[in-house]
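[1] mind folding the following:
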Amino acid sequence: MTQTTSPVFRSTAQDQQDLADIELALRTDVPHAIELARAALARGFEHPKVLNLVAFQLEEEGRYPEALRLLDRAAGLDPADVLIWNSVGLVLMKQDKRRAAVAAFEHALALNPYFAQAYQNLGRALEELGDYEGAREQFEQAVRLFPEYADPLAGLASLAGRDGDWPAVRDYASRALALQPFQPAAICAIANADVNAKNFEAAMLSLRELAAHPGLDRFDKPSVHCLLGDALDGLGRADEAFAEYLAGKAGFREVHRQQYEQPGLETQLDAARRLAAYFEKAPSGPWSAPAPLAEGEAGPARGHAFLVGFPRSGTTLLENVLASHTDVLAIDERVTLRDIETVYLSNTGMLDHLGVLSVAEAAQRRSEYWAGVRDLKMTPDGKVVVDKMPLYTTKLPIISKLFPSVKILFAQRDPRDVVLSCFRRPFQINAGMYQFVTLDGAARYYDAVMSLAEIYREKLPLDMYVIRYENLVEDFEGETRAVCDFLDIDWRESLHNFAENARERQIRTPSAAQVRGGLYSSGAGQWRRYEKHLESIMPILEPWVGRFGYGSD
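    Next up, the predicted model:
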């Protein structure tokens, strides 16, 4: 943001009258205040309040770059205006630029540490980044500063739902609703608690009313439809449930398509297909072995594995089982290869370079990786590190090249259940999760990633163990013993207590509450209730159903 040393405003009689009229309208009629601000700006009156109001309207219209340009001008006029920086953070959030949004909210709080709304918004940004403890701290601070503020109470209710603390959900949400009867996050939190308690009728009624409310923000509405789908699913009304999932995912697509459907932008599906085309033609020689350790180099961990597969394939369950072993350090979906993957997987030239990676460069990248793990406040020394990120399946060339003795756990589940679950869940949108805003897109992305995994298994020296979700649920001890043998750790009875241990861990996926509830077999075969709705994608999935041995019935 542009900054100057002090605000400089015009001081004409017309400008003063415009500002007075805008401030008066803001008390009772915000849309009229915005109209006045637009008219004043058209006359050349640049004032932080005028620019912020017009930027707000542009934000509501989805014109985010234009909104940020106006906010940049506003910050240039008055760099100490906390409302401007708060607005910057909100626009960045809607562009899915959450780390930049965190910086904007933190800057607002540096300017005014008593600004409760910035704490609330910072909490939301941290929650979307998976920092739930940090989010809780911000929400609690907002409540301390402004006890009558409903939004952070609703935020605390949502976090309690992730932890499966349903009494806390109802307490926080009820307090929020007592302050603000129309508080969508609080209504959803209680509905989520009702779904968990199998009180599906109550959840359905409250969510239908919420979904029809004209004041529901278009960014909140998609998740409401998906949760309503879950309530209807619990009532056995699959057709109505699927209609809600369709509405929810269509809503996600509508509010995020500007970010992820730009002309010329490579989607995650495009990237998977590009990598498949490259490795299908790549000679085996450069990829037949990893870059060896440098002389005297030794990693901090006793063992190292990546847990990959595809979202909704049981990776969260397995990761939390392993996390209950005292010799294991489990990394739950924290991005550990971000900068490395950006460098090596971006184009053909860098892929060629990765294939012949020098010992020195590989050692440097490994050092960066382990430094990144420590930055997450994790200590890998002497542990068997299990780095879980389902879509690191697409990053296996980097993993294979950099880590000479790494092991790969590949989670597998019935493709029909996987794709249906990806379509049903209201994921926090990023480039990968955007592939699930349509059923066809979810199926094609699954097909692309599985095809890429098959090519990798042919070209890369992968020490891989495939674990099927259904087998883990049906024969927990037998499957976990096999996984422990693969990882060279002893099997322990404590693995049975994974659900209790999971309640003490931060889990960054939609499976959090399910894992904390222990093993359950109802996750298998859910696709059967939606069989007719999956007919259009079955030609894409059936080859994988057969290849993985799930049968066609």
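[2] go ahead and name everything in contact with stretch 464-473.
    313-314, 317-318, 321, 407-414, 457, 478-480, 482-483, 486, 519-521, 523-524 (CB atoms under 8 Å, 6 or more residues apart in numbering). (Each C-beta comes from the backbone N, C-alpha and C, glycine too.)
[3] out of those residues, list just those in strands.
    Counting by DSSP state E, the contacts of stretch 464-473 place 407, 408, 409, 410, 411, 412 in strands.
[4] would you map the strands across the protein?
    303-308, 328-332, 384-388, 407-412, 464-468.
[5] re the thing from before, buried subset of the contacts of stretch 464-473 as a PyMOL selection?
    Entered in PyMOL, the line below selects the buried ones among the contacts of stretch 464-473, by 16 or more other CB atoms under 10 Å:
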select buried, resi 313+314+317+318+321+407+408+409+410+411+412+413+414+479+480+482+483+486+519+523+524
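[6] ok so, going back, and of the strands of the chain, who's closest to residue 344?
    Minimum separation from residue 344 across the strands of the chain (CB to CB) falls at strand 303-308, 15.6 Å.
[7] hey, C-alpha coordinates of that closest one in PDB?
    The C-alpha atoms that make up strand 303-308 are tabulated as PDB, following Å, rounded to 0.1, in the frame of the first residue of the first chain:
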ATOM      1  CA  GLY A 303      12.500 -42.100   9.700                       C
ATOM      2  CA  HIS A 304      10.500 -40.200   7.100                       C
ATOM      3  CA  ALA A 305       7.300 -40.900   5.200                       C
ATOM      4  CA  PHE A 306       4.800 -39.000   3.200                       C
ATOM      5  CA  LEU A 307       1.100 -39.900   3.500                       C
ATOM      6  CA  VAL A 308      -0.600 -39.100   0.200                       C
END
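[8] show me what it is packed against.
    helix 315-323, strand 384-388, strand 407-412 (3 or more CB pairs under 8 Å, 6 or more residues apart in numbering; DSSP states H and E).
[9] now mean pLDDT and distance to residue 252 too, for these, in CSV please.
    Converted to CSV, those look like this (pLDDT from 0 to 100; distance: least, CB to CB, whole Å):
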stretch, mean pLDDT, distance to residue 252
helix 315-323, 90, 21
strand 384-388, 96, 24
strand 407-412, 98, 25
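[10] and the ones you listed as CSV, adding distance to residue 273?
    Formatted as CSV, the helices and strands packed on strand 303-308 follow (distance: least, CB to CB, whole Å):
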stretch, distance to residue 273
helix 315-323, 23
strand 384-388, 25
strand 407-412, 20
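[11] can you list the domain ranges for the chain.
    149-265, 268-413+422-522 (automatic domain parsing).
[12] distance to residue 70 added to those domains, as a markdown table?
    Putting these into a markdown table (distance: least, CB to CB, whole Å) gives the following:
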| stretch | distance to residue 70 |
| --- | --- |
| domain 149-265 | 17 |
| domain 268-413+422-522 | 25 |
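[13] and of the ones you listed, who's closest to residue 530?
    With distances scored as CB to CB, the stretch of the domains of the chain nearest to residue 530 is domain 149-265 (5.8 Å).
[14] gap between the two ends of that closest one?
    Taking CA to CA, to the nearest Å, domain 149-265 runs 40 Å from one end to the other.
[15] tell me the pLDDT of residue 78.
    The model reports residue 78 with a pLDDT of 94.
[16] hmm, I typed the wrong one, I wanted residue 500.
    Value for residue 500, per-residue pLDDT: 69.
[17] next: residue 342.
    Residue-level pLDDT assigned to residue 342 equals 84.
[18] let me have the ones in strands among the contacts of stretch 464-473 in JSON lines, extended by distance to residue 274.
    Converted to JSON lines, those look like this (distance: CB to CB, whole Å):
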{"residue": "407", "distance to residue 274": "27"}
{"residue": "408", "distance to residue 274": "22"}
{"residue": "409", "distance to residue 274": "26"}
{"residue": "410", "distance to residue 274": "22"}
{"residue": "411", "distance to residue 274": "24"}
{"residue": "412", "distance to residue 274": "24"}
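[19] of those, which is the nearest to residue 30?
    Distance to residue 30, by CB to CB, is smallest for residue 411 among the ones in strands among the contacts of stretch 464-473, at 48.7 Å.
[20] list phi and psi for the residue lying closest to the closest one once chain neighbours are set aside.
    Distances taken as CB to CB, 6 or more residues apart in numbering place residue 309 nearest to residue 411, at 3.5 Å, with adjacent residues excluded. Per-residue torsions, residue 309: phi 150, psi -110 (degrees, to the nearest 10).
[21] list the contacts for residue 309?
    Residue 309 makes contacts with 315, 390, 393, 410, 411, 412, 413, as judged by CB under 8 Å, 6+ apart.
[22] residue 71: which of the strands of the chain is closest?
    The nearest among these, by CB to CB, is strand 328-332 at 34.9 Å.
[23] other SSEs contacting that closest one?
    In terms of contacts (3+ CB pairs under 8 Å, 6+ apart), strand 328-332 is packed against helix 315-323, strand 384-388.
[24] got the CA coordinates for the shortest one in PDB?
    Once non-C-alpha atoms are left out, strand 384-388 reads as follows in PDB (Å, rounded to 0.1, in the frame of the first residue of the first chain):
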ATOM      1  CA  VAL A 384       9.600 -41.000  12.500                       C
ATOM      2  CA  VAL A 385       8.100 -38.000  10.600                       C
ATOM      3  CA  VAL A 386       4.800 -38.600   8.700                       C
ATOM      4  CA  ASP A 387       4.100 -35.700   6.500                       C
ATOM      5  CA  LYS A 388       0.400 -35.900   5.500                       C
END
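[25] neighbouring strands - and their directions - for it?
    Looking at strand 384-388 with DSSP bridges, its partner strands are strand 303-308 (parallel), strand 328-332 (parallel).
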